[in-house]
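>>> my questions are about this predicted structure, shown below with the sequence.
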Amino acid sequence: MSRAALVGVGIGGLAALAVGAYAYHEYRAPSVRVAEQWAMLDRYCMDCHNDAERAGDLAFDRLDASRMHADAAVWETVIRKLSGGLMPPPGEPRPDAARLDAFVGFLEESLDAAARNAPNPGTPGLRRLNRTEYANALRDLIELPVDVEALLPGDDSVAGFDNIGSALSISPTLLQAYVSSAATLSRLAVGDPTASSSISTYRAPRDWQNGNHVDGQPLGTRGGFQVQHVFPLDAEYEIRISARSDDEVDLTLDGERAAVLPSTGPRNARVATLAVTAGAHTLGVALIRRHDIEGVDDLFAVHAESSGIASFTVNGPLRASGTGDTPSRRRIFSCSPAGPAEETACATEILKGLATHAYRRPVAADDTALATLLDFYAAGRADGSFDAGIQRALARLLVDPEFIFRIEAEPAELPAGSVYRVSDVDLASRLSFFLWSSIPDDALLATAAAGELHQPAVLAREVQRMLGDPKAEALVTSFAAQWLQLRLVDTVSPESREFDGNLRHALRKETELLFASVLREDRSVIDLLDADYTFVDERLARHYGLPNIGGSRFRRVELPSSSPRRGLLGHGSILTLTSAPNRTSPVKRGQWVLNNLLGTPAPQPPDNVETNLEETAPAGEATTMRERLEQHQANPTCAMCHSLIDPLGFALENFDSIGGWRDTEAGRTVNAQGSFIDGSVLDGAVGLRHFMLERRELFVAALTEKLLTYALGRTLEPYDMPVVRSIVRTAAKDDYRFSALVQGIFASEPMQFRMKLPGVKPQQARAD
């Protein structure tokens with residue numbers, strides 16, 4: 001069945017046709033063309049990949065070239081290897097580029113044609129919200145910022161992402177955490193007047209240095225940090241600050257000075273008691289600067305390690321005066337009953353609105369889900385006030401499977417194996433969780449409820465609107481942070497005196513800001529490889545050797561075409577996380593480029609292969625990292641993979657283990673030249689960037705695969721690759737703009753359709 005026909009057929013029509021996802025209308029390539037292309041395969045590949053040799057456990061002479069779809073997994077691997085220049089191996093005859101491109105085109109055309117004849121959108125499994133989605137959903141549902149790491153255990157990752165359904169398991173421990181969190185959060189949101197005092201502790205960022213002014217802190221201060229704290233009631237709160245300094249401490253509330261605390265000795269805590277209204281507020285602590293060293297980069301006489309703010313605690317509420325007028329209460333209490341006779345109607349209005357947003361679907365007055373919430377409201381009201389009843393019902397809502405899980409409805413009349421369009425309501429959730437890592441807003445829900453969202457023009461409009469919303473920042477902090485492995489920057493421990501917490505923060509911030517600029521300005525994603533600008537503060541500019549940058553505020557700076565800092569390959573975040581603690585690692589860097597930028601991962605090393613490069617160095621002789629690796633390559637077992645990986649890493653050897661520039665290593669001039677497996681010359685970081693730009697289609701395809709994986713919440717299969725190619729080709733017409741990739745993803749079959757599998761219906765998974 002063709003894509004156009006499938007899009008035009010409704011659920012009833014599909015039921016009548018009973019179209020199976022695997023019922024291929026046989027596609028066969030013209031025999032003349034098959035023979036022509038098979039001759040190339042026979043000439044350059046068959047000597048190793050035959051039934052006798054079976055190199056890589058692959059025998060082309062056992063495959064039917066006229067029925068590519070029957071072995072799609074094999075041919076998709078062949079496409080990936082040939083497109084990336086990974087085959088044929090070094091020393092073997094290699095066809096010219098035109099011949100190779102023609103063969104890859106033949107494979108792609110054959111597989112794409114078969115996919116058009118029988119679209120397979122796959123079937124996303126039942127997925128619970130991960131921690132990020134859970135926190136964002138609470139923010140948007142009840143306007144309550146949540147420290148989710150303190151509430152729920154971490155999520156496992158698959159394919160580099162923590163939103164993959166197969167990894168989001170549920171356990172008794174996690175269930176208990178949800179129940180406990182729901183009780184705590186519902187009390188915070190509604191405002192529990194019986195709340196007892198508790199202590200929250202906040203610590204300075206890891207390895208944080210306190211010598212300079214910190215962006216966001218008052219002028220005239222140094223060091224310190226800011227946190228957002230949710231105050232449960234209008235009350236007094238005790239702030240206790242641990243500062244290793246004789247300087248005064250500046251305490252701010254929402255950016256305004258709340259107190260100046262004099263020194264009580266470097267070992268003693270400073271204490272302030274503040275009257276604070278209920279809700280989320282930003283607390284900041286910093287040292288008031290008193291003694292500078294003239295002419296020394298704004299550093300201070302007392303070393304930051306011994307003169308910083310280590311932590312502070314918030315103790316309260318004390319002497320509470322009321323629940324307060326918080327954003328959460330304003331969001332929850334859409335009505336206020338004038339008397340007991342109006343309470344049930346008002347509770348129904350409140351809970352119906354909350355349930356509609358929490359469950360991401362219209363909730364009718366006779367919905368059993370609403371009836372359940374009203375039962376919990378009634379129990380809470382019987383034990384206390386109207387607010388107590390709403391709090392009890394809210395706690396129940398926050399543990400409902402319809403909130404915690406992303407449940408998609410299935411049409412009961414379709415047989416297993418059928419392909420059907422997901423409802424507009426479910427499509428809205430797919431859209432919002434991809435772009436915002438959160439629940440749909442009012443506008444998106446209204447469009448879905450009207451049955452208009454699946455219309456191409458309407459869907460495109462909503463995608464563009466949502467990309468422009470501040471909540472699309474989730475694509476930076478969640479998608480990009482995982483794709484580029486930026487979360488690892490927070491965990492690395494370089495053995496360098498030049499590295500500290502401030503640099504750690506700046507390195508990650510630079511890369512996040514670059515990705516955010518491509519997103520917000522809707523630039524070509526190629527700018528991620530070759531942007532003529534970057535973002536730095538004084539700490540990072542000093543690290544990079546960029547002049548005339550002062551202060552802790554990040555600002556955009558232009559880069560010349562010859563700068564090795566252009567694009568991701570020049571970012572210290574990437575270079576640091578792909579290094580060993582005490583040295584660079586060309587292998588890690590090469591693998592990172594192959595995996596994340598080219599989408600052509602190298603094979604895993606054989607078991608028991610020696611990887612300790614220190615032991616391969618000649619005794620008593622200082623050698624460079626490159627020389628040790630070249631000795632490692634002398635082992636034929638290692639040479640095959642390292643000839644693929646190492647040249648990419650060698651090109652980045654002018655960057656040290658924390659991304660600083662160097663011209664020498666171990667007293668020798670750094671050699672950053674080499675050649676890729678296909679013969680391409682790599683001349684340092686700039687040469688590697690040009691190499692990547694010549695293969696921009698590979699980069700865009702790799703990025704599209706990552707985006708589609710993240711959007712679908714499942715790993716991609718061979719039958720998904722025609723979709724990836726279609727998205728890339730369409731986006732090429734718009735210079736690979738970020739929005740073009742996203743629009744292409746949402747126009748695709750996997751995002752708008754799914755296959756029905758046998759088993760329990762998703763809607764039957766709900767339990768009270």
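Sure, I can see it. A quick note: this is a predicted structure, and the numbers were derived from the prediction, not measured.

>>> quick one: the strands in the stretch 551-700 of the chain?
Using DSSP state E, counting those that start in this stretch, the strands of the stretch 551-700 of the chain run over 555-558, 664-665, 668-669, 673-675, 681-683.

>>> actually the stretch 301-450 of the chain, not the one I wrote
Using DSSP E, counting those that start in this stretch, the strands of the stretch 301-450 of the chain run over residues 309-322, 405-406, 419-421.

>>> point out where the chain drops to low pLDDT.
The model of the chain has pLDDT under 70 over residues 1-32, 265-267, 291-307, 605-622, 632-637, 639, 759-768.

>>> of all the strands of the stretch 301-450 of the chain, which one is nearest Asp64?
Closest to Asp64 of the strands of the stretch 301-450 of the chain, according to CB to CB: strand 419-421, at 25.6 Å. Placement of C-beta: from N, CA and C, glycine included.

>>> the closest one packs against which elements?
If you count contacts as 3 or more CB pairs under 8 Å, 6 or more residues apart in numbering; DSSP states H and E, strand 419-421 packs onto helix 11-17, strand 753-755.

>>> repeat the analysis, applying 10 Å as the threshold.
helix 3-8, helix 11-17, helix 749-752, strand 753-755 (3 or more CB pairs under 10 Å, 6 or more residues apart in numbering; DSSP states H and E).

>>> tell me which strands it pairs with, and in which orientation.
strand 753-755 (antiparallel) (DSSP bridges).

>>> next one: the strand it pairs with to chain centre, how far?
25 Å (CA atoms, centre = their mean, to the nearest Å).

>>> now stretch 591-604
Stretch 591-604 has its average C-alpha position 18 Å from the chain's average C-alpha position, going by CA atoms, centre = their mean.

>>> that older thread, and the strands of the stretch 551-700 of the chain as a markdown table, adding mean neighbour count and distance to Gly125?
Formatted as a markdown table, the strands of the stretch 551-700 of the chain follow (neighbours: other CB atoms under 10 Å; distance: least, CB to CB, whole Å):
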| stretch | mean neighbour count | distance to Gly125 |
| --- | --- | --- |
| strand 555-558 | 12 | 42 |
| strand 664-665 | 15 | 49 |
| strand 668-669 | 11 | 54 |
| strand 673-675 | 17 | 44 |
| strand 681-683 | 16 | 42 |
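
>>> right, and those strands - which one's nearest Ser748?
Among these, strand 555-558 comes nearest to Ser748, with 33.8 Å by CB to CB.

>>> elements contacting the closest one?
helix 501-520, strand 533-536, helix 538-544.

>>> go with 8 Å
Strand 555-558 is packed against strand 533-536, with contacts defined by 3+ CB pairs under 8 Å, 6+ apart.

>>> now Ser242. Its backbone dihedrals?
Per-residue torsions, Ser242: phi -100, psi 110 (degrees, to the nearest 10).

>>> kindly report the same for the one 10 residues further on.
Dihedral angles phi and psi of Thr252 (degrees, to the nearest 10) take the values phi -120, psi 150.

>>> and of the strands of the stretch 551-700 of the chain, who's closest to Ala137?
Proximity to Ala137 (CB to CB) singles out strand 555-558 among these, at 32.8 Å.

>>> tell me the secondary structure of the residue positioned nearest the centre of the chain, please.
The centroid of the chain falls nearest to Phe479 when counting by CA atoms, centre = their mean (2.0 Å). Secondary structure, DSSP: H, G, I helix; E, B strand; the rest coil: Phe479 is helix.

>>> surely it touches Tyr710?
Yes: Phe479 lies in contact with Tyr710 (CB atoms under 8 Å); the separation is 5.2 Å.

>>> mutual contacts of those two, please.
Jointly contacting Phe479 and Tyr710 under the rule CB atoms under 8 Å, 6 or more residues apart in numbering are Phe161.

>>> mind giving me the domain split of this protein?
24-117, 198-325, 582-694 (automatic domain parsing).

>>> among those, single out whichever gets nearest to Phe386.
domain 198-325 (12.1 Å).

>>> so what's the gap between that closest one and the chain middle?
The chain centre lies 31 Å from the centre of domain 198-325; the measure is CA atoms, centre = their mean.

>>> ditto for stretch 719-733
From the chain centre to the centre of stretch 719-733 is a distance of 21 Å (CA atoms, centre = their mean).

>>> and what of stretch 533-542?
Mean-position distance between stretch 533-542 and its chain equals 23 Å (CA atoms, centre = their mean).

>>> what sits up against that stretch?
212, 215, 297-298, 502-503, 506-507, 509-510, 513-514, 517, 544, 546-547, 549-559, 565-566, 570-572.

>>> now do the same end-to-end measure for that stretch.
16 Å (CA to CA, to the nearest Å).

>>> flag every buried residue along it.
534-542 (16 or more other CB atoms under 10 Å).

>>> next: stretch 163-177.
Result for stretch 163-177 [16+ other CB under 10 Å]: buried residues 163-165, 167-168, 174.

>>> ok, stretch 111-129 next?
Counting neighbours by 16+ other CB under 10 Å, stretch 111-129 gives 111-112, 114-124, 127-129 as buried.

>>> again, but for stretch 699-719
Buried-residue list, stretch 699-719, by 16+ other CB under 10 Å: 699-716, 718-719.

>>> before we move on, the earlier item: closest one of the buried residues of stretch 111-129 to Thr323?
Nearest to Thr323, judged by CB to CB, of the buried residues of stretch 111-129 is Leu129 at 27.9 Å.

>>> you'd agree the closest one is up against Ile404?
Yes: using CB under 8 Å, Leu129 is in contact with Ile404, at 6.0 Å.

>>> ok, back up a step: adding distance to Phe106, write the buried residues of stretch 533-542 out as CSV.
Output for the buried residues of stretch 533-542, formatted as CSV (distance: CB to CB, whole Å):
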residue, distance to Phe106
Thr534, 41
Phe535, 44
Val536, 47
Asp537, 51
Glu538, 55
Arg539, 53
Leu540, 48
Ala541, 50
Arg542, 53
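
>>> quick revisit: which of the buried residues of stretch 699-719 fall in helices?
If you go by DSSP state H, the buried residues of stretch 699-719 have 699-712 in helices.

>>> so which of the buried residues of stretch 111-129 are in helices?
111-112, 114-117.

>>> for Ser334, see how far away the residue of the chain most remote from its centre is.
Farthest-out residue of the chain from its mean C-alpha position, per CA atoms, centre = their mean: Ala341, at 49.0 Å. According to CB to CB, to the nearest Å, Ala341 and Ser334 sit 18 Å apart.

>>> strand partners (parallel or antiparallel) of the host helix or strand of Arg270?
In the assignment (DSSP states H and E), Arg270 maps to strand 269-276. Using DSSP bridges, the strands paired with strand 269-276 are strand 234-243 (antiparallel).

>>> buried residues in the strand it pairs with, which are they?
234-237, 239-243.

>>> which of the residues you listed sits closest to Ser643?
Nearest to Ser643, judged by CB to CB, of the buried residues of strand 234-243 is Ser242 at 54.2 Å.

>>> residue contacts, the closest one?
Neighbour list for Ser242: 269, 309-312 [criterion: CB under 8 Å, 6+ apart].

>>> for it, list each beta-bridge partner.
Bridge pairing for Ser242 - DSSP bridges - gives Ala269, Ser311.

>>> could you measure from it over to Ala310?
Using CB to CB, Ser242 is found at 5 Å from Ala310.

>>> and Arg187, by the same measure?
Distance from Arg187 to Ala310, counting by CB to CB: 30 Å.

>>> so which of those two has more stuff around it?
Arg187 (18 against 13; other CB atoms under 10 Å).

>>> that one contacts Pro232, doesn't it?
Yes: with contacts counted by CB under 8 Å, Arg187 reaches Pro232, the gap being 7.1 Å.
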